[in-house]
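Visitor: here is my input, please return the structure:
(one chain, ligands or ions: 2)
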Amino acid sequence: MARETAYTCSECGLQSAQWHGKCPGCEAWNTLIEERVAGVGSARASARRSAGRGAGPGGSGARSRRPTLAARPLREVGATPLERMATGIGELDRVLGGGLVPGSLVLLGGSPGIGKSTLTNMALGHLAESGRRTLYVSGEESAEQVRLRAERLGPGALRVPILAETDLDTVLDAIAAEAPAACVIDSVQTLHSGELSGAPGSVGQVREVAGQIMQLAKSRGTAVILVGHVTKEGALAGPRVLEHLVDCVLQFEGERERPYRELRALKNRFGSTNEAGLFEMRQGGLVEVLDASARFVAEATRAPGSVVLAAMEGSRPLLVEVQALVAPSELEQPRRVVSGLDRNRLALVLAILGRHGRIGTGGSDVFVNVVGGVRVDEPGCDLAVALAVASASRGVPLLRTPRACFGELGLTGELRWVGHPERRLAEAAKHGCGEVIAPVDSGGGACEAATLADALALALPAGSRALAEAAA
Ligand code: TYD
Ligand code: MG
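Guide: Residues are numbered from 1 along each chain as shown. Ligands and ions are numbered 1, 2, ... in the order given. I've put the predicted structure just below:
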């Protein structure tokens, strides 16, 4: 079938045979994306489709020639249970919803050096060891470089067939010939279709590459993991558009300088998006961290500015240390630096702390860090941030350290209930953090506080409270 190239505006959908820097339709800049369009054959098909659709109530001519498809109640639709392939990496399988689904497309994003190649190489290694056919396509590294890594990852990783290639057609031929049960494309931004003139990694190329691989993978039941890079802002570079196409989007996060890595599902057609897996990068590759709470509590400093947050990572409770430092600022606009938390959340907590806790930080730089490079994305972290900042600001450790807490702060200074209090409390008790400060109705064993002021009264020594009130 004859094919030609066209350009579509990602903003207004305008189609053009030529590329323009500025869309002639909506006048947005740089929004025209190169695409392959089907030639004559499919033009006819689409003409047929529109003729059928345009027939209207009276025009039954086209409609009568087509077989009628009856809609059925959902209960009558046969559903076979999903088959899953265990990758042998428990945390990865859990985040995927129980393993890789044959024929599915998974997009794994993460910044460079975070461990995407290591994780995918290990997963294929385990699958190869269990007798499945696998294929690792590397467009980024040479076969020798991939082998050097695989040597560190054990014998299974060395059994995986490698193809170091960037040409899409060659890769598609290899997938067809090898017929793998699981295949990794590392990375989707390096592959290139000769039929488009755009550079590898451009939106048009990335979409074309993913689309063609998806077609082949679905028809053959191959599970494909597409590795993608993430920009500084945290978005998947180029393949944002892929997020709609793929079945599952996984994000690998962490700080390169620190050993902990977190794997999260942002989208999952075959499982929950609540799950997160924790890994540690070691000499022999990524190791699952199963006792993270114990480690973080043991490492908690118990100094002024330190508090333990009883957080939820998906369906699992996790105890993490939140640290704060408050120091007089020499800047007109004092610094607000966060790591592992949302910056806006910190601004909100500082405002509530100033207004309802009488702890002002207006003239100070405030630094807040979730220790270990872990990211906490839930409202239950508010109280921990407030207590850490309060303790740092007063220069006194919290009472009964390591002190654990959780709860969301409302704008009127109330402490709000958050999900799964019983699991958080049980985890804290298991790791020696009794007397958890928690919102009202959290259940047995908690030191309940209705407001931020109540929580501060429970957590700070009486002398420092008086000091805070005098200063306010
Ligand atoms: P890599 O998987 O190449 O990252 P990505 O594909 O996301 O760019 O791994 C990156 C880092 O991990 C690299 O700096 C070296 C380190 N590493 C280890 O510490 N131990 C190991 O066993 C391996 C394979 C890598
Ligand atoms: Mg890599």
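
Visitor: now do the host helix or strand of Arg94: everything it contacts.
Guide: Assigned by DSSP states H and E, Arg94 falls within helix 90-96. The set of residues external to helix 90-96 that reach it, using Cβ atoms under 8 Å, 6 or more residues apart in numbering, is 84, 86-87, 99, 106, 119, 123, 248, 250, 263-265, 268, 270-271, 275-279, 288. Heads up, the C-betas are built off the backbone N, CA and C, glycines and all.

Visitor: what's the PyMOL line that selects buried ones from those residues?
Guide: Selection of buried members from the contacts of helix 90-96 for PyMOL, criterion 16 or more other Cβ atoms under 10 Å:
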select buried, resi 84+86+87+99+106+119+123+248+250+263+264+265+268+270+271+275+276+277+278+279
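
Visitor: how about low-confidence regions in the protein?
Guide: 1-3, 37-65, 231-240, 465-472 (pLDDT under 70).

Visitor: who in the stretch 201-350 of the chain is up against ligand 1?
Guide: Applying Cβ under 6 Å from any ligand atom, one finds that the stretch 201-350 of the chain approaches ligand 1 through Met281, Gln283, Gly284, Gly285.

Visitor: of all the residues you listed, which comes closest to Lys218?
Guide: Closest approach to Lys218 among those (Cβ to Cβ): Gly285, at 30.3 Å.

Visitor: sorry, back to before: among the contacts of helix 90-96, which lie within helices?
Guide: The helices, defined by DSSP state H, take in Leu119, Ala123 from these.

Visitor: let's see which of the contacts of helix 90-96 end up in strands.
Guide: Among the contacts of helix 90-96, DSSP state E puts Val106, Cys248, Leu250, Leu263, Arg264, Ala265, Asn268, Ala276, Gly277, Leu278, Phe279, Glu288 in strands.

Visitor: surely the second one meets Leu105?
Guide: Yes. Taking Cβ atoms under 8 Å as the contact criterion, Cys248 and Leu105 are neighbours in contact, 7.4 Å apart.

Visitor: quick one: contacts for the residue of the stretch 251-400 of the chain found nearest ligand 1?
Guide: Using Cβ to the nearest ligand atom, the closest approach of the stretch 251-400 of the chain to ligand 1 is made by Gly285 at 4.1 Å. Contact partners of Gly285, counting by Cβ under 8 Å, 6+ apart, are Thr118, Met122, Arg152, Leu153, Gly154.

Visitor: strands along the stretch 151-300 of the chain, start to end?
Guide: Here the stretch 151-300 of the chain has its strands, by DSSP state E, counting those that start in this stretch, at 162-164, 182-186, 223-229, 248-254, 260-268, 276-282, 285-288.

Visitor: which strands and helices lie in contact with the fifth one?
Guide: This means strand 260-268. Counting contacts by 3 or more Cβ pairs under 8 Å, 6 or more residues apart in numbering; DSSP states H and E, strand 260-268 is packed against helix 90-96, strand 248-254, strand 276-282.

Visitor: tilt between that strand and strand 276-282?
Guide: Counting by axes from the mean of the first three to the mean of the last three Cα atoms, to 10 degrees, strand 260-268 points 150 degrees away from the direction of strand 276-282.

Visitor: strand 260-268 vs strand 248-254, what angle?
Guide: Going by the same axes, to 10 degrees, strand 260-268 makes 160 degrees with strand 248-254.

Visitor: what are the pairing partners of strand 260-268, and which direction each?
Guide: As defined by DSSP bridges, the strand partners of strand 260-268 come to strand 248-254 (antiparallel), strand 276-282 (antiparallel).

Visitor: for Leu100, list the residues it contacts.
Guide: Leu100 makes contact with Arg84, Met85, Thr87, Val106, Ala123, Ala182, Ala223, Ile225, according to Cβ under 8 Å, 6+ apart.

Visitor: before we move on, back to that, ok, so of the ones in strands among the contacts of helix 90-96, who is nearest Leu331?
Guide: Nearest member of those to Leu331, counting by Cβ to Cβ, is Arg264, at 34.1 Å.

Visitor: my guess is the closest one meets Asn274, correct?
Guide: No. If you go by Cβ under 8 Å, Arg264 and Asn274 don't touch, sitting 9.1 Å apart.

Visitor: if we check ligand 1, which of the contacts of Gly285 are in contact?
Guide: Of the contacts of Gly285, the ones that also sit near ligand 1 (Cβ under 6 Å from any ligand atom) are Thr118, Arg152.

Visitor: only whichever of the contacts of Gly285 are buried, select them in ChimeraX.
Guide: Remark: buried members of the contacts of Gly285, expressed as a ChimeraX selection using 16+ other Cβ under 10 Å:
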select :118,122,153
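
Visitor: how much space is there between the nearest residue to Val385 once chain neighbours are set aside and Ser104?
Guide: Ranked by Cβ to Cβ, 6 or more residues apart in numbering and with sequence neighbours excluded, the top spatial neighbour of Val385 is Val349, at 4.6 Å. Using Cβ to Cβ, to the nearest Å, one gets 40 Å for the distance from Val349 to Ser104.

Visitor: same deal with Gly410?
Guide: From Gly410 to Ser104 the distance is 41 Å (Cβ to Cβ).

Visitor: closest one of the contacts of Leu100 to Val436?
Guide: Closest to Val436, out of all of the contacts of Leu100 and judged by Cβ to Cβ, is Thr87, at 35.5 Å.

Visitor: the closest one touches Ala128, doesn't it?
Guide: No. Thr87 is beyond contact range of Ala128, at 10.9 Å (criterion: Cβ under 8 Å).
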